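**Student:** The sequence and its predicted three-dimensional model are supplied below.
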Amino acid sequence: MSQENVDRVRRAWEAYEGGDLSAVLETLSPDLVTHVAPPIPLAGTYHGPEGLLQLTLDWAEGFDELITTAEEHIDAGDQVITRVRHRASGAESGGDIAYSVGERGGPSDNSATTAH
């Protein structure tokens, strides 16, 4: 991947963090496949930008407050790896959580986003 692709992924995350989901969806390939590995809730495979949007909305429902921040974007050859931090309060438990995950994928190709 070139620095240009890393910058495209960074811009998509900045749009997401700013609440501009339309801008994020425009950067994604219609062939996007998102994999969420067990034991993460909502584990499964999601197809297209609409699948990623539905996953995002379903995931957010479980929290009173959810802040997702991209902390680092790494050029990894044919993919960009993004280290993401989630901070949230559980909707039912009220408990606070914080964790990081790695996501990998190309910026606008037949991408695969994997959370584990």
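**Tutor:** Great, that's in hand.
**Student:** For stretch 33-45, list the C-alpha coordinates in PDB.
**Tutor:** C-alpha atoms of stretch 33-45 as PDB (Å, rounded to 0.1, in the frame of the first residue of the first chain):
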ATOM      1  CA  VAL A  33     -16.500  -8.100   3.500                       C
ATOM      2  CA  THR A  34     -16.300  -7.600   7.300                       C
ATOM      3  CA  HIS A  35     -15.400 -10.500   9.600                       C
ATOM      4  CA  VAL A  36     -16.000 -10.300  13.300                       C
ATOM      5  CA  ALA A  37     -14.400 -13.300  15.200                       C
ATOM      6  CA  PRO A  38     -15.900 -15.000  18.200                       C
ATOM      7  CA  PRO A  39     -16.100 -14.400  21.100                       C
ATOM      8  CA  ILE A  40     -17.000 -10.800  20.200                       C
ATOM      9  CA  PRO A  41     -20.700 -10.200  20.300                       C
ATOM     10  CA  LEU A  42     -22.200 -10.000  16.800                       C
ATOM     11  CA  ALA A  43     -19.500 -12.300  15.500                       C
ATOM     12  CA  GLY A  44     -20.200 -13.200  11.900                       C
ATOM     13  CA  THR A  45     -19.600 -12.000   8.300                       C
END
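**Student:** what are the pairing partners of the strand or helix carrying Ser89, and which direction each?
**Tutor:** Using DSSP states H and E, Ser89 sits within strand 79-90. When pairing is defined by DSSP bridges, strand 79-90 lines up against strand 63-76 (antiparallel), strand 96-105 (antiparallel).
**Student:** quick one: average pLDDT of the longest one?
**Tutor:** What that stands for is strand 63-76. In this model, strand 63-76 has a mean pLDDT of 88.
**Student:** buried set for that strand?
**Tutor:** Phe63, Leu66, Thr68, Ala70, His73 (16 or more other C-beta atoms under 10 Å). Bear in mind the C-beta positions are built from the backbone N, C-alpha and C, glycine included.
**Student:** Distance check, the second one against Pro41.
**Tutor:** In this structure, Leu66 and Pro41 are separated by 13 Å, where distance is defined by C-beta to C-beta, to the nearest Å.
**Student:** shared neighbours of those two, anything?
**Tutor:** Taking C-beta atoms under 8 Å, 6 or more residues apart in numbering as the contact criterion, the residues that touch both Leu66 and Pro41 are Trp59.
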